[in-house]
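Novice: no sequence for this one, just the structure:
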Ligand code: GLC
């Protein structure tokens, strides 16, 4: 018998051995999770046999240049929790025109301290309205207006060579009605008809009564009549976004192929868009069902065999107890999830100058498994959904925050109300600058700028990855012109999707300007957050009630030194007695006056990061 080493070059041999080890470690998870979902399906045996073959083939074909990254991350799983993984999210066209434009802007981003780029959907969308790219026509092509797949790989390579990474949006819950699968389905191909869900008008009406509308004003109901499909097609979002039928195992396998294909282009992470909606079941709201979590976990396990360096991010804008299961059981589901609860709570706390809601949400979010990380954020391209806090705050609080930020009550906010499902309170649109009350033309010393910087300061001290929404680093204002564009006028979220203003960004060196004041502050935050590991700061953030209503406090005590973040949510200075260990000899990593006599005075909207000696 020829020995294996004599015929296979050493690099390939070690890759083959690594694949075998990974397969042994993760295949049982795939098999058990998917057996729970598809085990009773007549197609099960054939499906799982083919899946096994395709996972092994994909793992063997993993590009050599990416194997090193995989091995490195696998050897050090704690890399995910390393401090300072600042992430930047943006629409490619609005930030830099196209993908090559993004490549030209990398110095700007590294200057800001950014480590990960998270462009919003950039794969080929349907023509016309595509819900900001969330209606994908081809998962294997880049939107031709933004570039080509080669440009995407080149960006991924550039980032890798800078020690940075690229996270791509994968719209896994639905395709555009123009996607080849949907076209084949409409043409009558039974295999592809089974990629979508078609019900009778009566069933659609019955199901609609159980479901919660996402866009009740602009896209009421979750079904769209389609005579070619012989009934009503399931469309949770807009009528042109057709939900995939995950009860069909072929859909699971096809979407895995998409992830593998994009990972081979050098993409290091995927945002699983609308993850809560994957599984549908009669008699439920069809959100956050156990089968959905199982599917996500199986994708994770498959990637752990094929491309272990790649991370999965859950986009689940739901109540925290429904988000936590996306992190999975055992070896895990998603590596990261949007910390929607804490984000929304931050705005609520700022409105009330009362940290109570933040403490309740932070306690719940600390229930995350240690191996996973939160993606902490202040704003994103969607509305702020107050209803997602309903477990943690009474309806009257949600309604008050909604009115405060939506312009119905007098407040500093310049945001606008958005649609809401029956029984809920309106969500809020607007850039962080507007919600924080920055008036265009103000300088870096304004109260609005202080509020915006404060919220970003808070998220940089939490455990997890801080996410910056494009333009917040210079206090970019709303795009009120969106209403003049017929393709965007119908969706108020375009208010907070402006074009990046590079002439304003040009002022980032001028500390006195709004842009410079904020940019420098953001840059310092990224730098200080990166150093938290070195300072011995680790572990989950846990809220503290220090008895002063506007003081938002949390500590992290899992490392060599204790860490205490203190934020003053009010426009007046406050004094706070410090907990044991921080009163004497502690240092403020943000350069503030060290505490003395066991107390600290925080200026209006002040932030301190204390570490024990
Ligand atoms: C996600 C996106 C949102 C989009 C929806 C449908 O929630 O963040 O912008 O409208 O999915 O794809």
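Specialist: Great, that's in hand. Just so it is clear, the structure is predicted and the values come from calculations on it, not from any experiment.

Novice: average pLDDT for whichever strand or helix holds residue 468?
Specialist: For residue 468, the host element (DSSP states H and E) is strand 465-469. Taken as a whole, strand 465-469 has a mean pLDDT of 98.

Novice: how about it and the ligand, any contact?
Specialist: No: judged by C-beta under 6 Å from any ligand atom, strand 465-469 and the ligand are separated, with a smallest distance of 12.0 Å. No exception for glycine: its C-beta is placed from N, CA and C like everyone else's.

Novice: which neighbouring elements make contact with whatever helix or strand comes next after that strand?
Specialist: Scanning forward in sequence from strand 465-469 by DSSP H and E, the next helix or strand is helix 502-505. Other helices and strands packing on helix 502-505, by 3 or more C-beta pairs under 8 Å, 6 or more residues apart in numbering; DSSP states H and E, are helix 514-530.

Novice: neighbouring contacts of the helix it packs on?
Specialist: 83-84, 86, 111-114, 438, 442-446, 449, 452-453, 456-457, 460-461, 466, 468, 472-475, 504-505, 507-511, 589-590, 609 (C-beta atoms under 8 Å, 6 or more residues apart in numbering).

Novice: ok, back up a step: what pairs with the strand holding residue 468, parallel or antiparallel?
Specialist: strand 87-90 (parallel), strand 373-377 (parallel) (DSSP bridges).

Novice: got the angle between that strand and helix 514-530?
Specialist: Between strand 465-469 and helix 514-530, the angle comes out at 170 degrees (axes from the mean of the first three to the mean of the last three C-alpha atoms, to 10 degrees).

Novice: which one of the strands paired with strand 465-469 lies closest to the ligand?
Specialist: Among the strands paired with strand 465-469, strand 87-90 comes nearest to the ligand, with 10.3 Å by C-beta to the nearest ligand atom.

Novice: now the closest one: how far from the chain's centre is it?
Specialist: The gap between where strand 87-90 is centred and where its chain is centred comes out at 10 Å by C-alpha atoms, centre = their mean, to the nearest Å.

Novice: wait, does it contact the ligand?
Specialist: No: using C-beta under 6 Å from any ligand atom, strand 87-90 stays clear of the ligand, with a minimum separation of 10.3 Å.

Novice: helices and strands around the following helix or strand past that strand, which ones?
Specialist: Following strand 87-90 in sequence order, the next helix or strand is helix 92-96 (DSSP H and E). Counting contacts by 3+ C-beta pairs under 8 Å, 6+ apart, helix 92-96 packs against helix 99-104.

Novice: report the rounded mean pLDDT for the helix it packs on.
Specialist: Rounded mean pLDDT across helix 99-104 is 98.

Novice: buried stuff in it?
Specialist: Counting neighbours by 16 or more other C-beta atoms under 10 Å, one finds that the buried residues in helix 99-104 are 99, 102, 103.

Novice: ok, the closest residue in space to residue 354 that isn't next to it in sequence - contacts?
Specialist: For residue 354, ignoring the flanking residues on the chain, the nearest one in space by C-beta to C-beta, 6 or more residues apart in numbering is residue 549 at 5.0 Å. By C-beta under 8 Å, 6+ apart, residue 549 lies in contact with 353, 354, 355, 356.

Novice: and for the second one, the neighbour number?
Specialist: Residue 354 is flanked by 18 other residues according to other C-beta atoms under 10 Å.

Novice: my guess is it meets residue 550, correct?
Specialist: Yes: using C-beta atoms under 8 Å, residue 354 is in contact with residue 550, at 6.6 Å.

Novice: what is in contact with the two at once?
Specialist: residue 569.

Novice: and the closest residue to residue 605 other than its chain neighbours, which of the three is it?
Specialist: With sequence-adjacent residues excluded and distances taken as C-beta to C-beta, 6+ apart, residue 605 is closest to residue 450, at 3.9 Å. With DSSP: H, G, I helix; E, B strand; the rest coil as the basis, residue 450 sits in helix.

Novice: do you know how far residue 450 is from the ligand?
Specialist: Applying C-beta to the nearest ligand atom, to the nearest Å, the value for residue 450 to the ligand is 29 Å.

Novice: also residue 271?
Specialist: 8 Å.

Novice: what's the answer for residue 148, then?
Specialist: From residue 148 to the ligand the distance is 24 Å (C-beta to the nearest ligand atom).

Novice: what helix or strand is whichever residue of the chain sits closest to the ligand on?
Specialist: Closest residue of the chain to the ligand, C-beta to the nearest ligand atom: residue 134 (3.3 Å). Under the criterion DSSP H and E, no helix or strand holds residue 134.

Novice: what separation do you get for it and residue 172?
Specialist: 11 Å (C-beta to C-beta, to the nearest Å).

Novice: quick one: which of these two has more around it?
Specialist: residue 172 (28 against 20).

Novice: give me the element that one is part of.
Specialist: Here residue 172, judged by DSSP H and E, is contained in no helix and no strand.

Novice: heads up, I number from 859, so please use that
Specialist: Okay, residue one is now 859; in that scheme the one you just asked about reads as residue 1030.

Novice: mind listing what it touches?
Specialist: Residue 1030 is in contact with 1102, 1113, 1116, 1130, 1131, 1132, 1133, 1136, counting by C-beta under 8 Å, 6+ apart.

Novice: enumerate the residues of the protein near the ligand.
Specialist: So the chain meets the ligand at 989, 990, 992, 1029, 1095, 1131, 1132, 1173, 1239, 1240 (C-beta under 6 Å from any ligand atom).

Novice: try it again with 8 Å
Specialist: 978, 989-990, 992-993, 1029, 1031-1032, 1072-1073, 1094-1096, 1099, 1131-1132, 1173, 1175, 1238-1240, 1351 (C-beta under 8 Å from any ligand atom).

Novice: deepest of the strands paired with strand 1323-1327, which one?
Specialist: strand 1231-1235 (a mean of 26; mean count of other C-beta atoms under 10 Å).

Novice: tell me which residues of the helix or strand that that one is followed by are tucked away?
Specialist: Using DSSP H and E, the next helix or strand after strand 1231-1235 towards the C-terminus is helix 1253-1264. Buried residues in helix 1253-1264, counting neighbours by 16+ other C-beta under 10 Å, are found at 1255, 1256, 1257, 1258, 1259, 1260, 1261, 1262, 1263, 1264.

Novice: helices or strands up against helix 1253-1264?
Specialist: helix 1198-1210, strand 1274-1275, strand 1286-1287.

Novice: packing partners of the longest one?
Specialist: Helices and strands touching helix 1198-1210, as assessed by 3+ C-beta pairs under 8 Å, 6+ apart, comprise helix 1178-1181, helix 1214-1223, strand 1231-1235, helix 1253-1264, helix 1305-1319.

Novice: any chance of TSV for those, columns mean pLDDT?
Specialist: TSV is the format used below for the helices and strands packed on helix 1198-1210 (pLDDT from 0 to 100):
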stretch	mean pLDDT
helix 1178-1181	96
helix 1214-1223	98
strand 1231-1235	98
helix 1253-1264	98
helix 1305-1319	98
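
Novice: and for the closest residue to residue 1297 other than its chain neighbours, the neighbour number?
Specialist: Using C-beta to C-beta, 6+ apart and skipping residues adjacent in sequence, the residue nearest residue 1297 is residue 1306, 6.6 Å away. Around residue 1306 there are 22 other residues, counting by other C-beta under 10 Å.

Novice: what of residue 1026?
Specialist: 23.

Novice: next, it: secondary structure please.
Specialist: Going by three-state DSSP: residue 1026 is strand.

Novice: what does the pLDDT read for the closest residue to it other than its chain neighbours?
Specialist: Counting by C-beta to C-beta, 6+ apart, residue 1125 is the residue found nearest to residue 1026 once chain neighbours are left out, at 4.8 Å. On pLDDT, residue 1125 comes in at 98.
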